[in-house]
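# With the sequence up front, the predicted model follows.
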Amino acid sequence: MPNKYDVSIQINLAGITGRVQRALRQAMTMVSIGLNAKGEITPEILTMPDVTMHHHFGSSLNRTIDEDKVSWEIWVLRNGFRDIAEELGGLLEEIQSVLAYWKIGLIQKS
């Protein structure tokens, strides 16, 4: 006769939502900083600090400051959306775990 074991699991749903809210707030903050920094892009700021050797990548990458500002804005937004998508992916994995535990509880009751 197989042994029967009961599993007891406590799930704090408030912890999940709190973590997601903090991650979304962090992404929004970083995107805000990045978008506001667009106005500070100058030819001087495009040089790497403390780099003594430079490489010329060719004329195809010669862009204007305005083009660099647009590229920066797109890069900031893309990274912000990526961070949010990764957080939502993690949230869905946690939801799947919670539902699996719930199902185990229902099976135990029957």
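In hand now; what should we look at?

# Report the central residue of this protein.
By C-alpha atoms, centre = their mean, the chain has its centre lying nearest to residue 83, at 1.7 Å.

# Okay, that residue and residue 109: tell me how far apart.
40 Å (C-beta to C-beta, to the nearest Å). Where C-beta positions appear, they are placed from N, C-alpha and C, glycine not excepted.

# number of nearby residues for residue 26?
Here the number of neighbours of residue 26 (other C-beta atoms under 10 Å) works out to 14.

# ok, now residue 27?
What residue 27 shows, counting by other C-beta under 10 Å, is a neighbour count of 19.

# is it true that it touches residue 87?
Yes. If you go by C-beta atoms under 8 Å, residue 27 and residue 87 touch, sitting 7.3 Å apart.

# And residue 29, how close does it get to residue 45?
21 Å.

# any weak-confidence spans in the protein?
1-3, 54-61 (pLDDT under 70).

# And for residue 91, nearest residue in space, chain neighbours not counted?
residue 20 (5.5 Å; C-beta to C-beta, 6 or more residues apart in numbering).

# Just the element for the one you found, please.
Element membership for residue 20, per DSSP states H and E: helix 13-37.

# what does that helix contact?
72-73, 75-77, 79-80, 83-84, 87, 91, 94, 98 (C-beta atoms under 8 Å, 6 or more residues apart in numbering).

# which other helices and strands contact the helix or strand just after that helix?
Proceeding N to C from helix 13-37, the next assigned helix or strand is helix 65-109, under DSSP H and E. Packing contacts for helix 65-109, counted by 3 or more C-beta pairs under 8 Å, 6 or more residues apart in numbering; DSSP states H and E, involve helix 13-37.

# so the helix it packs on versus helix 65-109, what angle?
Here helix 13-37 points in a direction 180 degrees away from that of helix 65-109 (axes from the mean of the first three to the mean of the last three C-alpha atoms, to 10 degrees).
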